[in-house]
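Asks: 3D model of this:
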Amino acid sequence: MPIVQTAEEPILKFLSTNKDSNGHAEMVYFAITTGKVLENQFSMSKQPEAVACSFAGGCILEIEAPGLSSVLKSLPNDNHVYACGKRCEYTEDGSSVQKAQCRVPPLSTIYSDLNFKISQEDNDLPVLKYSGTGSASELKKINDGDLTSPFSSNADTCTINFEFPEGYIALLSEVRYFYTNINAKQDVLGKLTFQGSDDFETFEDIFVVDDSVREGWNTKTWETVPEYQ
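Replies: Numbers count the residues shown, from 1 in each chain. Below you'll find the model as predicted:
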């Protein structure tokens, strides 16, 4: 049975073995129960074992949780397993009603990026206008492609601004940011804030960095995409 947060009344459907030209089967009978509910909240029957893997990822992580594989397969946009802050891609091979398997994603850190090119910058964007509280030499670091030379500013409130050219609309489905000093993450928790604005005067918070931040590349995604111009 798939995992459900609250008890659900089951609906029983009988489909014809004959399918139309589009591959759809006709529903012949169905039955709705009254007063009978099924419930299966998420519960791990066994803690996942530690996975030894390379920075490139691809190793199998196994989670013993009845019904988990069903929702990962049938509703992949609503149900995810995360490893090191990124989605662990569900794989049907090896999964069953009792357990789910997924492939561990690549791990981007300063070391893995410099030595193994695990993650590299993608500058396939229109020319952006950069501004902020740092000096001119510091602002150049924002888009110089050098991850070992981070931007710095002595301002009480440090800001970096990215302004899209006129006529462009920014649809933010994902934000990736590179953090270099995990030993000082208390300096950014609840403080490092990503904002958006349509007029460069009124800003709204998109998200605030929390305790999930780690060294290297961090990823924030949305299902409801923020839109700015």
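Asks: so where's this protein uncertain?
Replies: For the chain, applying pLDDT under 70 flags the ranges 1-7, 27-35, 37-40, 119-127, 147, 167, 169, 223-229.
Asks: can you give me the helices in it?
Replies: Counting by DSSP state H, residue ranges of the helices within the chain are 68-74, 110-116, 136-139.
Asks: relative to residue 188, which of these is closest?
Replies: Closest of the helices of the chain to residue 188 is helix 110-116, at 16.1 Å (criterion: Cβ to Cβ). Every residue, glycine included, has its C-beta placed from N, CA and C.
Asks: output that closest one in CSV with nothing but the alpha carbons.
Replies: What follows is helix 110-116 as a C-alpha-only set of coordinates in CSV (Å, rounded to 0.1, in the frame of the first residue of the first chain):
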residue,chain,number,x,y,z
ILE,A,110,35.9,22.7,-2.9
TYR,A,111,38.1,19.7,-3.0
SER,A,112,36.0,17.6,-5.4
ASP,A,113,35.4,20.6,-7.8
LEU,A,114,39.1,21.5,-8.0
ASN,A,115,40.4,18.0,-8.3
PHE,A,116,37.7,16.1,-10.1
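Asks: please renumber so the chain begins at 312
Replies: Will do, 312 is the new start, and the previous item becomes helix 421-427.
Asks: does residue 459 touch residue 424 like I think?
Replies: No. Between residue 459 and residue 424 there is no contact under Cβ atoms under 8 Å: 9.4 Å.
Asks: those two: which has the busier surroundings?
Replies: Per other Cβ atoms under 10 Å, whichever of residue 459 and residue 424 has more neighbours is residue 424, with 20 against 8.
Asks: surely the more buried one is in contact with residue 527?
Replies: Yes. Between residue 424 and residue 527 there is a contact at 6.9 Å, judged by Cβ under 8 Å.
Asks: quickly note the distance from residue 448 to residue 455.
Replies: 10 Å (Cβ to Cβ, to the nearest Å).
Asks: more neighbours, those two?
Replies: Using other Cβ under 10 Å, the more surrounded residue of residue 448 and residue 455 is residue 455, with 10 against 7.
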